[in-house]
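A.B. asks: Could you work out the structure for the sequence below:
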Amino acid sequence: MSILFASCGNGITVYNKAMIDPKTNDYKKIAFITNGGNVTYTEKKIKHNERLKIEAHAKEIRDKFQQRFESMNIFEQYYTILDNVPTTAKGMRSLRSLAKSAESVMEKLPRLRKIYYKTV
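C.D. replies: All right, here's what the predicted structure looks like:
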């Protein structure tokens, strides 16, 4: 398998250059890496060394994303998180429990970042 990383506006699509998808007549899509470095695999049969390459690339993206995000001031981080937390029941419960807490924004940020990093 030979992999290809292709940049999209919302992340990076990972293709297997050795296979053509008959539906799209393009390389076979095997994974997607979000702008935050989260990986979603669309193909189950991926060789271990190829998976390691994908994970290493995702880690590099994740580290850069988190470094950029954490260089923002705390209120920019806070409002960015609030704008992007998923509106699923779990996401809303997490936000409600943090909102009810008497902690300062600075104290809440580490937990809010964990929620945010899982979603971007």
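
A.B. asks: in the lengthiest strand in the chain, what counts as buried?
C.D. replies: With DSSP state E setting the assignment, residue counts place strand 11-21 as the longest strand in the chain. Residues of strand 11-21 classed as buried under the neighbour-count rule (16 or more other Cβ atoms under 10 Å) are 11, 12, 13, 14, 15, 16. Yep, even glycine has a C-beta here, placed from its N, CA and C like the rest.

A.B. asks: Out of the residues you listed, which comes closest to residue 31?
C.D. replies: residue 14 (4.0 Å; Cβ to Cβ).

A.B. asks: Tally up the residues packed near the closest residue in space to that closest one that isn't next to it in sequence, please.
C.D. replies: Nearest residue to residue 14, sequence neighbours excluded (Cβ to Cβ, 6 or more residues apart in numbering): residue 31, at 4.0 Å. Counted by other Cβ atoms under 10 Å, the residues lying close to residue 31 total 23.

A.B. asks: So residue 31: helix, strand or coil?
C.D. replies: Per DSSP: H, G, I helix; E, B strand; the rest coil, the local secondary structure of residue 31 is strand.

A.B. asks: From residue 8, how far out is it?
C.D. replies: Computed with Cβ to Cβ, to the nearest Å, the distance linking residue 31 and residue 8 is 12 Å.
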